[in-house]
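**Q** Have a look at this prediction, sequence included:
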Amino acid sequence: MNVLVTGGAGYIGSHTCVSLLKAGHDVVVVDNLSNSKRETVDQVESIAGKNVTFYEGDVTEAGFLVEIFAAHSFDGVIHFAGYKAVGESVDLPSKYYRNNLLSTITLAELCQEYDVPKFVFSSSATVYGENASPMIESMDLLPTTNPYGETKAMSERILIDIAKANPGFEVSILRYFNPVGAHESGLIGESPNGIPNNLMPYVTQVAKGIREKLNVFGDDYDTLDGSGVRDYIHVMDLADGHIAALENLSDGVHIYNLGTGRGTSVLQLVEAFQQVNDVPVPYEVVGRRAGDIAVCYADATKAEQELGWVAKRGIQDMCRDAWNYENSVGAESMSQNRK
Ligand SMILES: O=c1ccn([C@@H]2O[C@H](COP(=O)(O)OP(=O)(O)O[C@H]3O[C@H](CO)[C@H](O)[C@H](O)[C@H]3O)[C@@H](O)[C@H]2O)c(=O)[nH]1
């Protein structure tokens, strides 16, 4: 297939491009590089040994996208591009609603105009809100605690309605749990700007000595050791999930959790990281972080039954590959304002 990947220079997008190319698909990337770098696309090409067509620009701009849709005959779109910082979305809600919703609407409209039948959307487990785990696709969505999460829930709604009105439009909505790790080559990985919000990049930076210690946000949750429990999934498993979703698409809307189905606590993850990589990760338990829930993990059976996809890599692989990337030449130069 000839696939348009929006946000293909980003963390999950770049790993998915590798999997797409390796599976024999052709890839066109559109990315405005607001939170990523052009070099990542070069790294993707060198890992896969195949070329990618790259356009720098914004997927909220229909005029810019029209030229790309006209120049290529796409079989499908995988839409990753979007703002994703939870805290920033609380401070700048209109930035999030404008960008994340407009991009989804614009792309879905262009798919109708140019007869592009397949659409895979990056959603998030955050749409489950405070439901009790395991999260299952058939659950009613609960309000999320921030505009970022709302943009994911609203984008899902918009795609469901557009698919209803346009028979033949095939939509796959993928709800990611907690993506971590990196491609085993160490050439691409997660390079957050500034102080990381998420656990794994914070852990790797503490291990590396860039930050003094990890703050563990709460040890008084009702979990096995009191720290928060999440379903961490290796980014290459997640990438493979997109290929399975794309290749198995059929008429209508299909929603899948992409998780392992297993929960790991913050303290368990820190312990695994130290053991696998033989490096200390000093930490201190501090108060809970506003908006966090105690436990979030997937029921991952639907993706297995319908797509034949299961996550193959474990916590050890995730910790090893995240550390390998942190120690690579690329990690430092990819990140901005790290200190
Ligand atoms: O420095 C840190 C960072 C995180 N945590 C803990 O580690 C766990 C995972 O936190 P992350 O920030 O890595 O991930 P979240 O589950 O909070 O975030 C996920 O859910 C969010 C919505 O709530 C967004 O969807 C986000 O993109 C996605 O990664 C949580 O228990 C959190 O409290 C710490 O203890 N210390």
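**A** Okay, I see it.
**Q** Going by C-alpha atoms from here, please, whenever you check contacts or count neighbours.
**A** Fine.
**Q** Now residue 323: which helix or strand?
**A** helix 315-326 (DSSP states H and E).
**Q** Buried ones in the longest helix along the chain, by neighbour count?
**A** Secondary structure of the chain read by DSSP state H shows that its longest helix is helix 93-113. Buried residues in helix 93-113, counted by 16 or more other C-alpha atoms under 10 Å: 93, 96-97, 99-108, 110-111.
**Q** right, is the helix holding residue 323 up against the ligand?
**A** No. Against the ligand, helix 315-326 shows no contacts by C-alpha under 6 Å from any ligand atom, the least distance being 13.2 Å.
**Q** Going forward, the N-terminal residue is numbered 322.
**A** In the new count, where the first residue is 322, that last one comes out as helix 636-647.
**Q** Just the C-alphas of that helix, formatted as CSV.
**A** Presented in CSV, the C-alpha positions along helix 636-647 are these (Å, rounded to 0.1, in the frame of the first residue of the first chain):
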residue,chain,number,x,y,z
ILE,A,636,9.4,-5.0,30.4
GLN,A,637,13.0,-6.1,30.2
ASP,A,638,13.1,-5.4,26.5
MET,A,639,11.5,-2.0,27.0
CYS,A,640,14.0,-1.0,29.7
ARG,A,641,17.0,-2.3,27.7
ASP,A,642,16.0,-0.6,24.4
ALA,A,643,15.1,2.7,26.2
TRP,A,644,18.6,2.7,27.8
ASN,A,645,20.3,1.8,24.6
TYR,A,646,18.7,4.8,22.9
GLU,A,647,19.6,7.1,25.7
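**Q** Regarding the residue nearest to residue 581 when sequence neighbours are not counted, which helix or strand does it belong to?
**A** Of all residues not flanking residue 581 in the chain, residue 632 sits nearest, at 5.5 Å (C-alpha to C-alpha, 6 or more residues apart in numbering). Residue 632 belongs to no helix or strand when assigned by DSSP H and E.
**Q** before we move on, the earlier item: give me the contact list for the helix holding residue 644.
**A** 501-505, 507-510, 521-522, 525-526, 529, 553-555, 590, 593-594, 597-598, 652-653 (C-alpha atoms under 8 Å, 6 or more residues apart in numbering).
**Q** Could you do stretch 374-394 as well?
**A** With contacts defined as C-alpha under 8 Å, 6+ apart, stretch 374-394 is touched by 323, 327, 348-354, 362, 402, 420, 423-424, 427-428, 431, 435, 437.
**Q** Repeat the analysis, applying 7 Å as the threshold.
**A** Stretch 374-394 has contacts (C-alpha atoms under 7 Å, 6 or more residues apart in numbering) with 348-353, 420, 423-424, 427, 435.
**Q** Run through these and flag the ones next to the ligand.
**A** Counting by C-alpha under 6 Å from any ligand atom, no member of these reaches the ligand.
**Q** Show me the strands in this structure, by range?
**A** Using DSSP state E, the strands found in the chain span residues 323-327, 347-352, 374-377, 397-400, 439-445, 491-497, 499-501, 535-538, 550-551, 553-555, 573-579, 585-586, 604-607, 616-617.
**Q** tell me the most buried of those?
**A** strand 553-555 (a mean of 26; mean count of other C-alpha atoms under 10 Å).
**Q** so what does it touch, helix or strand wise?
**A** strand 499-501 (3 or more C-alpha pairs under 7 Å, 6 or more residues apart in numbering; DSSP states H and E).
**Q** Can you name the residues of the stretch 472-621 of the chain that neighbour the ligand?
**A** Checking the stretch 472-621 of the chain against the ligand by C-alpha under 6 Å from any ligand atom, the hits are 499, 518-520, 523, 535-538, 549-550, 587, 610, 613.
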